[in-house]
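# Pasting the sequence and the predicted coordinates here, then a few questions.
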Amino acid sequence: MLYKSEKEFQENFDLQTLCQKNSKPIFAEERVNFLVSLSKSILRSPAAKEFPDLITFGYYCRKSNLMKLKLSQIAPDSDSFRFGLGTCLHIAPSNIPMNFAFSFLMGFLSGNRNIVRIPTKKFEQLDVFLNLFLELCHTNEFKNIGLANCFVRTERDSNKLIELVANSDALVVWGGDRTVKLFRQLDKKPLCIEVYFPDRVSSVVLDCQHLISLNEVQMESFCRDFYNDTYLVDQNACSSPSIIYWYGNEAKQDQAKQKFIHQMNKYLESSYDLATVSKIDKFIDVITFCEKTNGSINVEQTSGKLWLLDTDSQEIKPKLGTFISKGITKLDEISTYIRKNEQTLLYFGIDPKELLTMIVEHGKLVDRIVPVGQALSIGMHWDGKNLIDTLSKKIELR
Amino acid sequence: MKTLNLDRYMELTDQHKANCKLYSYYIDSLTLPSKIKTLADLPFLPVRAFKEFDLLSVAETEVFKVMLSSGTTGKQSKIYLDKHTAKQQSKGLTDSFKEYFGSGRFPMLIIDSENTARGRTARTAAVNGFSLYGKKRCFALDSNMELKLQEVQDFIKKHEGQKIFIFGFTFMLYQYLIQPLKNSGIKLDLSNSFILHGGGWKKLVNLNVSDNNFKSMLKEYTGCGAVHNYYGMIEQTGSISFECERGHIHAPSNGDVLIRNFQTFDVNKYGEEGIIQVCSTIQESYPGHSLLTEDIGVLYPASKCACGRKGDILVIKGRLQSAEIRGCSDAV
């Protein structure tokens, strides 16, 4: 079901009707079938083709991938059962169009009834998704799914939304510190499971020798991956790196950096359009950094789109194509820069096991260590949590 | 684009660096040319910085007054003035005003309400700033923004034969003077007077009213043919660009206007549209001598206008669009 506005939500939404539908086991057959059909509709839809994020979702819900996920969650001969917690309310971020769908997906595969608060801003891919979703729910086969899962647009301070928070069995909140703070304060059921995604920071470590050795084609592919991790979302996602570590001796660091600056700018020239106002924001950000660090920061303005900062401050989080740049000769040095809310450590040309060992040794934990190109690839695990596990409960049987 | 003011701007940059810590950190952070040879090399501060930060180059005890910009779209600019800068600003304004409209004080008809004059907005600053050149002020609007027609007519009658100075924001003139006159079919006789208006065209562009429409409506309903626009901002009071009698807005003699490329921020040639940067020789109590605005404009050489003024011709084209930034830390 879809409630397009606060008014429709106020007038037509009824929690009791929704609650007539029971929780399901995780990866319930009917639900997997539904997602497979949804995946087919998305991948077949001409309207969806324009939106890589929607297509990614479509691919994620293919049968083979869902089966793989299921296997990773349920041992084939297992006699234990996991069920959804009940009603799961999702508060999706307003600026990443398809995030709501992944949040829903996790609640859905966990077996919950889902209410998803979608962005009030207009995103075409969101509308395409909803149309395809609702179309499927109108078929006899998936009628029940439509009754147990709905999408709503509400005001931020909607009293009915607040009431819903108080009556949910699970709450998933995206949207950074401000939103998290707001929802943490609200009344909830004593048993309510709350999952929050506050502001996080991330970084990337590049092996200089490896970067230097790349041929043109490889370098182009590296730039594309790096772009997808950063510029694609204005470097403003929690998992977009704000620090680049150049790993190697000083000569190599310099050489790799020059290559990166040159090639990345070339790549950005044709693929990244930064609004003039955002370019002015980069200057405003520099003043903010100066204020926070109470000093000047060396800004290397390699182009309007790529700036490198030299600072030891842990307090600043650059965006819009500005990176803190750090040369390191030993991987261990990273541990001194890992911030309190570090989420993702991206790597290129480095053995991730080495990074894991280093991090564990120094007791500075991160949530993800993933290769460049996968910063935004969201899956069952996020912020160090297994979402299917978190949003379901196990019935113990002895 | 050469300017006699460059040395003065460089001196001001040094002065502000010495006296405003945050400004000096900012300037020291940037990648700047090793030597400043032309205006294009002069570092700028985004004008929005005054909304986000407290920037002053004098001790707080020296602050004589704090000007605030209109806060309709969120945060307000805070401009710290000491006595000296405030004085320089009114002197700069007076010199320019004289150059365009002659000296002396004129009976002044303000197309706004008296409440505005007591506020703390950009409109307040403009109304009060220009009141220096007016006398016997008459506010044409009541507190509900209704035209006080009788009072206005009495005022005109009382000053018959004299040059009246009519002042207001562009949109105010359109909405609260032209419209009511048009609706009631009443025409005023201000043929002997002059109109000065500013504050931006955004609302009129949305209503599809051009400068020419605006002028011809004023001519029709007030009889006034001397209509002058100005371009200026509270962040740089005293260095204001006025529209001459030939319909061109000229950069002031105590300042300069530059246009920067939307993408590269390099300085554009004459005739190329871009972001407006304004420079002023008089701002000493806050680092406002070189500001990058969020307005769009084009420059033409002064020689294209027969009025003989030396300042480049500025054509205002609107404002930059705000950006939709992607990212995950927002759920509004």
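Nice, thanks for sending it over. Bear in mind that the values here come from a model prediction, so they are computed numbers and not experimental data. Numbering: from 1, shown residues only, chains lettered A, B, ... in the order given.

# Neighbouring strands - and their directions - for the longest strand anywhere in chain B?
Across chain B, the longest stretch assigned as strand under DSSP state E is strand B:290-300. Next to strand B:290-300 in the sheet, as set by DSSP bridges, lie strand B:45-46 (parallel), strand B:274-280 (antiparallel), strand B:313-319 (antiparallel).

# Quick check: what element follows the first one along the chain?
Read in the C-terminal direction, the helix or strand following strand B:45-46 is helix B:49-52, with elements assigned using DSSP states H and E.

# got a list of contacts for the helix or strand following that next one?
Remark: after helix B:49-52, the chain's next helix or strand is strand B:63-68, criterion DSSP H and E. Here strand B:63-68 makes contact (C-beta atoms under 8 Å, 6 or more residues apart in numbering or on different chains) with B:56, B:76-83, B:86, B:120-122, B:125, B:234, B:237, B:285. The way it works is simple: take the backbone N, C-alpha and C, and place the C-beta from them, glycine included.

# Give me the neighbour count for residue 132.
As the question left the chain open, I've gone with chain A. For A:Leu132, the count of nearby residues is 22 (other C-beta atoms under 10 Å in any protein chain shown).

# That was the other one, I meant chain B.
13.

# Quick check: closest non-adjacent residue to B:Ser280.
B:Ser239 (3.6 Å; C-beta to C-beta, 6 or more residues apart in numbering or on different chains).

# Does the one you found touch B:Tyr230 like I think?
No - here B:Ser239 does not reach B:Tyr230: they are 11.1 Å apart, not a contact under C-beta atoms under 8 Å.

# for chain B, what's the longest helix?
helix B:83-101 (DSSP state H).

# any idea how far the helix or strand following that one is from the chain center?
Downstream of helix B:83-101, the next assigned helix or strand under DSSP H and E is strand B:106-113. Here the centre of strand B:106-113 is set off from its chain's centre by 18 Å, with C-alpha atoms, centre = their mean, to the nearest Å.

# for chain B, what are the nearby residues on the stretch 51-200 of chain A?
A:91-96, A:99, A:119-120, A:156, A:173-179, A:197, A:199 (C-beta under 8 Å from any C-beta of the partner chain).

# Dump the strands paired with strand B:290-300 into TSV; add mean neighbour count and mean pLDDT as well.
Shown next, in TSV, are the strands paired with strand B:290-300 (neighbours: other C-beta atoms under 10 Å in any protein chain shown; pLDDT from 0 to 100):
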stretch	mean neighbour count	mean pLDDT
strand B:45-46	25	97
strand B:274-280	26	97
strand B:313-319	18	92
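
# could you dump those strands to CSV with distance to B:Asp266?
CSV is the format used below for the strands paired with strand B:290-300 (distance: least, C-beta to C-beta, whole Å):
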stretch, distance to B:Asp266
strand B:45-46, 16
strand B:274-280, 9
strand B:313-319, 18
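
# Out of the ones you listed, the one nearest B:Gly92 is which?
Using C-beta to C-beta as the measure, strand B:274-280 is the one of the strands paired with strand B:290-300 that comes nearest B:Gly92, at 7.8 Å.

# Now do the closest one: everything it contacts.
With C-beta under 8 Å, 6+ apart, strand B:274-280 has contacts from A:276, B:3, B:5, B:9, B:39, B:42, B:44, B:92, B:233, B:236, B:238-239, B:252, B:254-262, B:265, B:268, B:288-298, B:314, B:316, B:320.

# swap in stretch A:344-358?
By C-beta under 8 Å, 6+ apart, stretch A:344-358 touches A:200, A:202-207, A:209-211, A:222, A:229, A:238-239, A:241, A:247, A:331-332, A:334-335, A:359, A:366-372, A:374-375.

# Can you turn the buried part of those into a ChimeraX selection?
This is the ChimeraX syntax for the buried subset of the contacts of stretch A:344-358, where burial follows 16 or more other C-beta atoms under 10 Å in any protein chain shown:
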select /A:200,202,203,204,205,206,207,210,211,222,229,238,239,241,247,331,334,359,366,367,368,369,370,371,372,374,375
